[in-house]
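J.: Fold the following and give me the result.
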Amino acid sequence: MTEFIPPGTRYIDLPSPFPMKRGGALHGARMAYETWGRLNAAGDNAVLIVTGLSPDAHAAANAGNPQDGWWEPMLGPGKPIDTDRWFVICVNSLGSCKGSTGPASINPASAAPYRLDFPDLSIEDGADAAWHVVRQLGIGQLACLIGNSMGGMTALALLLRHPGCARHHINISGSAQALPFSIAIRSLQREAIRLDPQWNNGNYDDDCYPESGMRMARKLGVITYRSALEWDGRFGRVRLDQSQQDAQRAEEDPFGLEFQVESYLEGHARRFVRKFDPNCYLYLSRSMDWFSVAENVGDDMLASLARIQVQKALAIGATTDILFPLEQQRQIAEGLAAGGAQATFMPMDSPQGHDAFLVDYQRFGPAVGDFLASL
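T.: The predicted structure follows:
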C-alpha cells in the first residue's frame with residue numbers, strides 16, 4: 001500500500017483521539033495542506049479550498065513545489081483566486097492517500113496500514129478535520145470557503161457544524177445530498193474493486209494489487225465526469241488506426257479495444273490505478289453516499305440548508321453534469337438564501353459535464369473571480 005504525497009506538502013496533527021461521527025476515533029492522525037499568499041494583520045483574508053475525491057493539497061504551484069497543481073489556472077497572483085489579496089489554504093481530504101490520514105496510513109495500534117480497520121468515514125469527519133487545520137493556522141473565521149464536487153458537500157458540512165466559520169461561500173458542482181443515480185454509479189465502482197480477487201478483503205500490496213477493479217471503477221467514474229455531448233464531439237465513432245487494431249489482434253482478444261473512446265478510457269484508467277489507494281477510494285466514495293444536509297429521511301432540505309449562516313454565496317454548476325445535476329446547485333442557492341444569505345445560482349452552459357470546473361476555465365474562472373472581487 002502506498003501514499004502519494006506531492007513535495008512541499010505540510011502537515012498539522014489532529015487532536016488525539018480524533019472522534020469520528022459514525023463511531024471510533026483516530027490516534028496520531030494528521031492533515032496535509034498547502035498555502036499560497038499571506039495572512040494579513042487582521043487575519044481576515046483567508047480562503048479555504050476543500051476538494052473532490054481524488055485531488056491532493058497541491059492546487060497550484062507555490063514556493064514548496066513549483067509544479068503545476070490540479071487547479072493551476074484558478075489560483076495564483078492575478079488569477080480568479082488572487083493570492084496577491086487572499087491567503088489560500090487547500091487541504092487533502094481526511095481518508096485520502098495523499099498526505100492526510102486514511103486507510104493506507106499506518107495504524108499506530110498495529111504498526112501496519114489501517115486497511116479496513118480504518119473507522120467508518122463521513123463527510124462530516126473531513127469537515128471537522130479541515131476546520132482544525134484552519135484553527136491551527138491561527139484563523140478564527142474564513143473570508144470564503146470554496147468547495148468543489150465532494151468538497152461542495154464537505155463545505156456545507158463545515159458551515160453547519162461550525163457556525164460562523166466563514167463569511168462567504170462558493171459551492172462548485174456540489175450537492176446537499178447524494179442522489180440515487182450518483183449512489184448507483186459509486187456502488188458499481190466499489191463493487192468492481194471489491195470483486196477483484198486481488199483486492200483480497202483490503203489486504204493487497206504492490207505485487208498483488210486490484211488493478212482490474214480499480215481500472216473499471218475509474219472508467220465508470222470518467223464516463224460520468226464528462227457529458228455525452230463532449231464524448232461525441234471529441235471522439236464520435238472514430239476507430240483506432242490500423243497499427244493499433246493490429247496490436248489488439250496480436251493480443252488475441254476478440255472483444256478488444258476498437259474505438260478511440262475506448263482507448264482513451266483505458267489509457268486514463270491505467271494512469272490512475274496506481275496513483276490512488278483502492279481502500280481509500282472505497283471509504284471516500286461511501287462517505288459521499290452517506291451525506292445529506294437533512295440528516296433524517298423526510299426532513300425539509302431547504303430548511304436544513306437555511307440553518308447555514310453566511311453573508312454571500314455563489315452556487316455554480318454545469319448544465320451537462322449528470323453526476324451532480326444542476327438542480328442540486330440551484331437547491332443550495334435557494335436554501336442559503338432562505339437562511340438570509342445573498343445567494344446567487346449560476347448555471348454554466350458548458351459541454352464538459354461534472355469536470356467542467358477543472359477544464360472550462362473561460363466560464364468558471366470569471367464567475368469565481370468576480371465573486372471574490374466583490375467581497
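J.: Tell me which stretches of the stretch 151-300 of the chain form helices.
T.: 180-194, 211-225, 228-235, 242-250, 260-273, 278-290 (DSSP state H, counting those that start in this stretch).
J.: so how far is the first one off the chain centroid?
T.: Spelled out, that is helix 180-194. 16 Å (CA atoms, centre = their mean, to the nearest Å).
J.: mind listing what's buried in it?
T.: By neighbour count on 16 or more other CB atoms under 10 Å, the buried set for helix 180-194 is 182-183, 185-186, 189-190, 192-193. In short, each C-beta sits where N, CA and C put it, glycine included.
J.: again with the fifth one
T.: Residues of helix 260-273 classed as buried under the neighbour-count rule (16+ other CB under 10 Å) are 260-265, 269, 272-273.
J.: Can you tell me the SS state at the closest residue to His27 other than its chain neighbours?
T.: In this structure, His27 finds its nearest non-sequential neighbour in Ser16, 4.9 Å apart by CB to CB, 6 or more residues apart in numbering. Classification of Ser16 using DSSP: H, G, I helix; E, B strand; the rest coil returns coil.
J.: Next, count neighbours for Ser16.
T.: Ser16 has 12 neighbours, counted by other CB atoms under 10 Å.
J.: how near is it to Pro366?
T.: Ser16 sits 43 Å away from Pro366 when distances are taken as CB to CB, to the nearest Å.
J.: repeat for Phe357
T.: Counting by CB to CB, the gap from Phe357 to Pro366 is 13 Å.
J.: so where does Asp125 fall, helix or strand?
T.: In the assignment (DSSP states H and E), Asp125 maps to helix 123-136.
J.: Report the distance from that helix to the chain centre.
T.: Worked out by CA atoms, centre = their mean, helix 123-136 lies 15 Å from the chain centre.
J.: ok, then the element right after it?
T.: Next along from helix 123-136, by DSSP H and E: strand 142-148.
J.: helices or strands up against that next one?
T.: Packing contacts for strand 142-148, counted by 3 or more CB pairs under 8 Å, 6 or more residues apart in numbering; DSSP states H and E, involve strand 46-50, helix 150-161, strand 166-172.
J.: Show the average pLDDT along that strand.
T.: What strand 142-148 shows for mean pLDDT is 98.
J.: what do you get for stretch 96-110?
T.: Here the average pLDDT along stretch 96-110 is 97.
J.: And for that stretch, what's in contact with it?
T.: For stretch 96-110, contacts defined as CB atoms under 8 Å, 6 or more residues apart in numbering pick out 1-6, 9, 11, 14, 26-32, 55-57, 91-95, 112-118, 129, 202, 276-277, 279-280, 282-284.
J.: Tell me where the model's unsure across the chain.
T.: By pLDDT under 70, the low-scoring segments of the chain are 1-2, 242-252, 297.
J.: residue nearest the centroid of it?
T.: Gly52 (0.6 Å; CA atoms, centre = their mean).
J.: Now that one: closest residue in space, sequence neighbours ignored.
T.: Counting by CB to CB, 6+ apart, the residue nearest Gly52 is Ser149, at 3.5 Å.
J.: Check which helices and strands the helix holding Asp125 is in contact with.
T.: Checking 3+ CB pairs under 8 Å, 6+ apart, helix 123-136 ends up next to strand 10-13, strand 30-36, strand 46-50, strand 87-91, helix 150-161, helix 278-290.
J.: okay, now Ser212: neighbour count?
T.: 17.
J.: Contacts only, for it.
T.: Ser212 neighbours (CB under 8 Å, 6+ apart): 196, 198.
J.: Quick check: phi and psi on Asn62?
T.: With angles defined as degrees, to the nearest 10, Asn62 sits at phi -150, psi -180.
J.: Run a quick check on it versus Gly8, I expect a contact.
T.: Yes. When contacts are counted by CB atoms under 8 Å, Asn62 is listed as touching Gly8 (6.7 Å).
J.: any common contacting residues for the two?
T.: Joint contacts of Asn62 and Gly8 (CB under 8 Å, 6+ apart) are Glu34.
J.: From Asn296, how far out is Asp253?
T.: Taking CB to CB, one finds Asp253 at 50 Å from Asn296.
J.: Kindly apply the preceding question to Arg194 instead.
T.: Arg194 is 29 Å from Asn296, by CB to CB.
J.: before we move on, what about Asp68?
T.: Taking CB to CB, one finds Asp68 at 43 Å from Asn296.
J.: circling back to that earlier point, between the helices of the stretch 151-300 of the chain, which one is closest to Glu334.
T.: Among the helices of the stretch 151-300 of the chain, helix 180-194 comes nearest to Glu334, with 19.9 Å by CB to CB.
J.: other SSEs contacting that closest one?
T.: helix 211-225, helix 278-290.
J.: Just name the most buried of the ones you listed.
T.: Burial of the helices and strands packed on helix 180-194 is given as mean neighbour count (mean count of other CB atoms under 10 Å); helix 278-290 ranks first at a mean of 23.
J.: other SSEs contacting that one?
T.: helix 123-136, helix 150-161, helix 180-194, helix 211-225.
J.: Now do the third one against helix 211-225, angle only.
T.: Translated: helix 180-194. 160 degrees (axes from the mean of the first three to the mean of the last three CA atoms, to 10 degrees).
J.: Excluding its own residues, what touches helix 180-194? List them.
T.: Looking at what lies outside helix 180-194 - CB under 8 Å, 6+ apart - the contacts are 175, 178, 199, 210, 213-214, 216-217, 220-221, 224, 278, 281-282, 285-286, 288-289, 322-324.
J.: same thing but at 6 Å, please
T.: 199, 210, 213, 216-217, 220, 224, 278, 282, 285, 289, 323 (CB atoms under 6 Å, 6 or more residues apart in numbering).
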